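Enquirer: Got a predicted structure plus its sequence, pasted below:
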Amino acid sequence: MTSAKVFQIYVYLLDEGVDVWRPVDAERVGDDLYRIISEAPDRDFEDWEFTTGEVVRCIPRILSGGAQGIVAVARVAPDPQ
């Protein structure tokens with residue numbers, strides 16, 4: 001049995017006052033599609049734009065400090081396959 005490869009993507013945090021991106025674990029399900037597998041925290045603590053189990057479209061983006069990351073930009077229909 002093989003396990004899916006885990007990727008790190010970034011999800012935008014809502015209601016932070018400044019732009020904040022949370023690194024989360026995801027599995028790739030298509031060319032630029034990823035399913036979030038990290039467990040979302042309590043919404044009183046942190047509110048993610050996209051949450052556990054959702055499939056999201058991702059694009060590369062330069063993050064603070066000049067590092068490149070893959071960021072979630074749109075929710076995709078429940079099962080793209």
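Expert: Nice, thanks for sending it over. Numbers count the residues shown, from 1 in each chain.
Enquirer: Over to stretch 42-55 now: how far is its first residue from its last?
Expert: Terminal residues of stretch 42-55 are spaced 20 Å apart (C-alpha to C-alpha, to the nearest Å).
Enquirer: right, and P60 touches G69 too?
Expert: Yes - counting by C-beta atoms under 8 Å, G69 is a contact partner of P60 at 7.3 Å. (Each C-beta comes from the backbone N, C-alpha and C, glycine too.)
Enquirer: The two: which is more packed in?
Expert: Between P60 and G69, counting by other C-beta atoms under 10 Å, G69 is the more crowded of the two (16 against 10).
Enquirer: Which helix or strand contains that one?
Expert: Per DSSP states H and E: G69 is located in strand 68-75.
Enquirer: From the contact counts, what lies against that strand?
Expert: Other elements packing on strand 68-75 under the criterion 3 or more C-beta pairs under 8 Å, 6 or more residues apart in numbering; DSSP states H and E are strand 6-12, strand 21-28, strand 33-36, strand 55-62.
Enquirer: Output the ones you listed as CSV; include the columns mean pLDDT.
Expert: Formatted as CSV, those follow (pLDDT from 0 to 100):
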stretch, mean pLDDT
strand 6-12, 97
strand 21-28, 96
strand 33-36, 97
strand 55-62, 97
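Enquirer: and the strand holding G69, average pLDDT?
Expert: In this model, strand 68-75 has an average pLDDT of 96.
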